[in-house]
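S.K.: how does the following fold in three dimensions:
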Amino acid sequence: MLITLPADAYGGPAPASVLDLTSLLAFARACRPDAVCLKPPIGPDDQPNGAGLLAIRERLEAEGLRVFCQPVTIPATAPVTVPSWRMATLFESRALAAALGEAGLSQLVIRWYAAPDAGDMSLLAFLDRLLEEANRNGMRIALQLPSMARLESVLLQMGNGALGTALPLAELDGASGPVLDSDPRLRLQCAFAPDDLEKVDAGALLRPLAWLEAIGYEGPLYLGEQASAPAYAEAITKVRGLIENGA
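M.R.: Numbers count the residues shown, from 1 in each chain. Below is the predicted model of the structure:
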């Protein structure tokens, strides 16, 4: 698994081009994450620039860093029943998926925290159209929902092999059912470490980390949001230690 930091973890803005990578690379050389996540730069047409992201990806991979897209978060307050919001969000997400495909990235994480409308129809319709774009570009969508039961329901209703899951590590401990029934290397697209490692029982993390190691999971392990660059560096050390102890 790949310990993954946001591209602004060093304390400055995420890079908009290969010319902006100096500080991020210096930070990465010092604390040694396995990967970084960022969104494509915005092109002259005000759309995500896949070619620009490809250039950034190639430079980071030359330094031994894998590249993933920064997760897209739909907040709890999102007006999912408003047609204009649904149309704009879908357009932006499909444009993002197309740019990721152009850059050769294979995964987009959607963290959908909005409350369900009747039958979760807004989410299902959103995923259906987004998966069209993902399939066209050879990508998978990894979905995170606040409720495991809701996540299982959506997976069953969608029945699309390009739809995977994004789970906090603690929720993997003892997880079963539709989320994990198929080959977990295909279903489990990514996982998230907790935001505050000091408050989490190590055993609750060791078991799922050991399980991920056992199944040969090679995807990103996103660290939760940290307060500063030193905090990110410390989190890498802690998580790497847990991986080594649990393997």
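S.K.: for the longest helix seen in the chain, what is the average pLDDT?
M.R.: Secondary structure of the chain per DSSP state H: the longest helix is helix 83-102. On average, the pLDDT along helix 83-102 is 94.
S.K.: how far off centre is it?
M.R.: Distance, stretch centre to chain centre, for helix 83-102: 16 Å (C-alpha atoms, centre = their mean, to the nearest Å).
S.K.: which parts of it are buried?
M.R.: Using 16 or more other C-beta atoms under 10 Å as the test for burial, helix 83-102 gives 86, 89-90, 93-102. All C-beta atoms are positioned from the backbone trio N, CA, C, and that covers glycine.
S.K.: who does the helix or strand following it pair up with?
M.R.: Sequence order places strand 107-112 as the next helix or strand after helix 83-102, per DSSP states H and E. Strand pairing for strand 107-112, using DSSP bridges, gives strand 72-74 (parallel), strand 140-144 (parallel).
S.K.: what's the least confident stretch among the ones you listed?
M.R.: Least confident of the strands paired with strand 107-112, judged by mean pLDDT, is strand 140-144 with a mean of 88.
S.K.: residue ranges with poor pLDDT in the protein?
M.R.: Applying pLDDT under 70 to the chain flags residues 160-161, 173-191, 195-196, 199, 246-247.
S.K.: if you set the cut-off to 50 instead, what comes out?
M.R.: For the chain, the stretches flagged by pLDDT under 50 are 185-186, 247.
S.K.: just the helices from it, written as ranges.
M.R.: Using DSSP H, helices in the chain cover 22-31, 50-62, 83-102, 121-136, 148-158, 169-172, 178-181, 184-187, 202-214, 229-246.
S.K.: report how many residues lie close to the residue nearest to A115 when sequence neighbours are not counted.
M.R.: By the measure of C-beta to C-beta, 6 or more residues apart in numbering, the closest residue to A115 outside its immediate chain neighbours is A76, 6.5 Å from it. The local packing of A76 (other C-beta atoms under 10 Å) involves 10 other residues.
S.K.: how much space separates A76 from A88?
M.R.: Note on A76: its distance to A88, by C-beta to C-beta, to the nearest Å, is 18 Å.
S.K.: check D20 too.
M.R.: For D20, the distance to A88 equals 28 Å [C-beta to C-beta].
S.K.: over to L65?
M.R.: 32 Å.
S.K.: follow-up on the earlier one: wait, which of the buried residues of helix 83-102 is closest to A202?
M.R.: L100 (34.5 Å; C-beta to C-beta).
S.K.: which one is that closest one nearest to, not counting chain neighbours?
M.R.: Spatial nearest neighbour of L100, excluding adjacent residues (C-beta to C-beta, 6+ apart): C69 at 5.4 Å.
S.K.: correct me, but the one you found touches V36?
M.R.: No - between C69 and V36 there is no contact under C-beta atoms under 8 Å: 10.5 Å.
S.K.: the two: which has the busier surroundings?
M.R.: V36 (30 against 23).
S.K.: who's in contact with the more buried one?
M.R.: Taking C-beta atoms under 8 Å, 6 or more residues apart in numbering, we find V36 in contact with T4, L5, P6, A7, A9, L24, A28, L60, L65, R66, V67, F68.
S.K.: put together a markdown table for those residues, with distance to Q226 and neighbour count on each row.
M.R.: Below are those laid out as a markdown table (distance: C-beta to C-beta, whole Å; neighbours: other C-beta atoms under 10 Å):
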| residue | distance to Q226 | neighbour count |
| --- | --- | --- |
| T4 | 13 | 26 |
| L5 | 9 | 27 |
| P6 | 9 | 19 |
| A7 | 14 | 23 |
| A9 | 7 | 26 |
| L24 | 15 | 25 |
| A28 | 15 | 22 |
| L60 | 20 | 22 |
| L65 | 18 | 23 |
| R66 | 19 | 18 |
| V67 | 20 | 23 |
| F68 | 17 | 24 |
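S.K.: I am finished for the moment; much appreciated.
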